[in-house]
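> predicted model follows, preceded by the sequence.
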Amino acid sequence: MHLTQSLSQRMEQKLVMTRQMIQSIEMLQLPLMDLQQSINMELTSNPWLDLVDGELAPDRTNVELKRVEDKPAADGNEDDARVKRVELLLKEWNDPNTRGSGGVARRMGEEDAKLEAMQNTAAPSTSLEEHLLTQLHLVKEEPHLKELAEVIIGSLDTNGYLNTPLMDLFYKNEGGIRRPVVKDGITEDEAELALALVQGFDPPGVGARDVRECLLLQMRRMDEDFSFEEQLVEHHLDDLSHNRLPKIAKEMAVPVERVKEGLARIAHLNPKPGRAFGGRRPQYVVPDVVVDEIEGEFHVRINEHFLPALRISQDSLNMLKREPKDSAVREYIMGKLGSAVWLMESVLQRRNTLERIAQQIVDIQKPFFEHGPTHLKPLMMQEVAERIGMHVSTVSRALSGKYMQTPQGLFPMKYFFTGGFSTADGESESNRAIMLKIQEMVKHEDKKSPLSDQEIVERLMAENINIARRTVAKYREKLNIPSSRQRKEY
């Protein structure tokens, strides 16, 4: 068999993802604050775009554009077309009626964004490690013991627990040889003394190796008598977690009421003492879409309040007019002009796509906006995609990581898309609405005789909702609702 090479031609059609298409898709996926960062990066590298100091008034939107039109046209029809395209895009970009800071928001008396951000920014919080190290530096102990305690403090998790075996903290393996991390070595007694020192710090329970030890540490520092509760935690913690109160009462030879009293006192302890201290900074959500109710009607607006107002750089325009048509500088400037065009077109397309999707959500889920989550309807992304003439993947990208501010509260935009069940009367109920119904049933049940999963099924069937018992159990677990046996009060 001989291998040969030959040349041939063939025609085929395939989609090629250009840089501009990729940029447009990326812009569509970005939440508002990430979009702001992306635009700021473009402003840094693109000489064609300048920031407008202050906010543009409606009657001053086109001031810069008129100045451009009064100047002689740049050489070349293609260059003129690009400049005109930028002018039109800037006019739409800076129009206060289409930005989140104008229109409906202005009429509703929106406050200054910078002042609001300053008022709602939390002060830097002290971490658990910093809190413990401050106490360690104040105690009068020998330096070696304090050095060991510092290693322990640095090994605690965010809940305040020590999850690593104690002696493993003070040794490391180097080439198969176990070497101490402290100069003078360490014994198990010294390690235990250092741990006891940390466990004596505030908050009570810190430095524990499990929940049992955490609760015992807290009770032993109480001024009141917790001897009975210590026995409960020491010997019956598993039974307590499964609500086996009669079994505990029988083994301890006490009434069930006495066990309930002890459990109530234990419930006031903190099983995660480290959670009261700052770890990672909280993530604040800025809605990309805002739905306002005005005179009984719901109005959709895209929040672009944080996006900067832009204008054409006069320096770049003047430089373009001076440069010869075949100049490398002119080619660079025109390339940056094209980048500015694609940036603004991508953002404006994002605005249009989000608005169309949000309007469909409002139209379909109107009962939700009027009455709350229990009236949420089943909705699939495919249905919205068909209504607006887009591919379902585009809808999914547009919703990714974005939030909608509604009269009912702040929700991820994907919250409004959920499966559901058909009722006997031909209506439909969403999964989330059914979960809320289950939550309400459990909330108002008789705690001495809680509802079983089968009883919940029967109550839902009385509302014409046909659902399997295993589905009820699955929803109950998603809601972190214990089983009827664990919810029972004695």
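It's in. Numbers count the residues shown, from 1 in each chain.
> can you pull the pLDDT of G200?
Here the pLDDT value assigned to G200 is 92.
> ok, it - how many residues close by?
14 (other Cβ atoms under 10 Å). (C-beta placed from N, C-alpha, C; glycine too.)
> swap in E234?
Neighbours of E234 using other Cβ under 10 Å come to 11.
> residue contacts, it?
212, 216 (Cβ atoms under 8 Å, 6 or more residues apart in numbering).
> over to the one 3 residues further on?
The neighbours of L237, taking Cβ under 8 Å, 6+ apart as the test, are 211-212, 215.
> closest to N46 among those?
V211 (56.2 Å; Cβ to Cβ).
> now that closest one. Its backbone dihedrals?
Dihedral pair for V211: phi -60, psi -40, per degrees, to the nearest 10.
> how about it: what's its closest non-neighbour residue?
P271 (5.5 Å; Cβ to Cβ, 6 or more residues apart in numbering).
> pretty sure that neighbour is touching C214, no?
Yes. Applying Cβ atoms under 8 Å, one finds P271 in contact with C214, separated by 6.0 Å.
> overlap in contacts, the two.
Contact criterion Cβ under 8 Å, 6+ apart; residues shared by P271 and C214: G205.
> these two: which is more packed in?
C214 (25 against 17).
> what helix or strand is the nearest residue to E141 once chain neighbours are set aside on?
Once flanking residues are discounted, E141 sits nearest to L197: 6.6 Å by Cβ to Cβ, 6+ apart. Following DSSP states H and E, one finds L197 within helix 188-199.
> and after that helix, which helix or strand comes next?
helix 211-219.
> dump that next one to CSV, keeping only the CA atoms.
The C-alpha coordinates for helix 211-219 follow below in CSV (Å, rounded to 0.1, in the frame of the first residue of the first chain):
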residue,chain,number,x,y,z
VAL,A,211,-19.5,19.1,68.2
ARG,A,212,-19.6,17.2,71.4
GLU,A,213,-16.4,18.8,72.7
CYS,A,214,-17.6,22.2,71.5
LEU,A,215,-20.8,22.0,73.5
LEU,A,216,-19.1,20.6,76.6
LEU,A,217,-16.5,23.4,76.5
GLN,A,218,-19.3,26.0,76.5
MET,A,219,-21.3,24.4,79.3
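> before we move on, back to that, what does the helix holding L197 rub up against?
Against helix 188-199 from outside (Cβ under 8 Å, 6+ apart): 132, 136, 139, 141, 144-146, 148-149, 151-153, 162, 166-167, 169-170, 206-208, 217.
> just the ones in helices from those, please.
132, 136, 144-146, 148-149, 151-153, 217 (DSSP state H).
> could you work out the most separated pair of those?
Maximum distance among the ones in helices among the contacts of helix 188-199 (Cβ to Cβ): 24.0 Å, for H144 and L217.
> which one's more surrounded, the two?
L217 (18 against 15).
> wait, doesn't the more buried one sit right on A208?
Yes. Using Cβ under 8 Å, L217 is in contact with A208, at 5.7 Å.
> tell me the domain boundaries of the protein?
19-108+314-350, 128-276, 420-490 (automatic domain parsing).
> for the stretch 201-350 of the chain, which segments count as helices?
211-219, 227-241, 245-252, 256-266, 314-322, 328-364 (DSSP state H, counting those that start in this stretch).
> out of the ones you listed, nearest to G296?
Across these, closest to G296 is helix 328-364 (Cβ to Cβ), at 13.2 Å.
> so which bits of that closest one are buried?
330, 333-334, 336-337, 339-348, 350-351, 353-354, 356-362, 364 (16 or more other Cβ atoms under 10 Å).
> distance from stretch 195-215 to the middle of the chain?
32 Å (Cα atoms, centre = their mean, to the nearest Å).
> ends of it, what's the gap?
Terminal residues of stretch 195-215 are spaced 16 Å apart (Cα to Cα, to the nearest Å).
> so the residue nearest to V300 when sequence neighbours are not counted versus V291, what's the distance?
Residue nearest to V300 in three dimensions, not counting chain neighbours: A358, with 4.6 Å by Cβ to Cβ, 6+ apart. Using Cβ to Cβ, to the nearest Å, A358 is found at 7 Å from V291.
> over to E477?
For E477, the distance to V291 - Cβ to Cβ - is 32 Å.
> do the same with L240
Using Cβ to Cβ, we find L240 at a distance of 46 Å from V291.
> out of everything not next to it in sequence, what's closest to F170?
I186 (4.8 Å).
> hang on, I meant F228
Of all residues not flanking F228 in the chain, G262 sits nearest, at 5.4 Å (Cβ to Cβ, 6+ apart).
> what is the burial count for the one you found?
For G262, using other Cβ under 10 Å, the count is 23.
> shaky segments in the stretch 351-490 of the chain?
With pLDDT under 70 as the threshold, the stretch 351-490 of the chain has low-confidence stretches at 420-429.
> now do the helices in it.
Secondary structure of the stretch 351-490 of the chain (DSSP H, counting those that start in this stretch): helices at 366-371, 381-388, 392-399, 431-443, 453-462, 469-478, 484-487.
> among those, which is nearest S313?
Per Cβ to Cβ, nearest to S313 of the helices of the stretch 351-490 of the chain: helix 392-399, 31.0 Å.
> what are the boundaries of the strands in the stretch 51-200 of the chain?
Along the stretch 51-200 of the chain, counting by DSSP state E, counting those that start in this stretch, strands occupy 171-174, 177-180.
> rank those by pLDDT, which is bottom?
Among these, strand 177-180 scores lowest, with a mean of 68.
> which among the ones in helices among the contacts of helix 188-199 count as buried?
Using 16+ other Cβ under 10 Å, the buried ones in those are 132, 136, 145, 148-149, 151-153, 217.
> hang on, the earlier thing: the helix holding L197 vs helix 211-219, what angle?
On the basis of axes from the mean of the first three to the mean of the last three Cα atoms, to 10 degrees, helix 188-199 is oriented at 60 degrees to helix 211-219.
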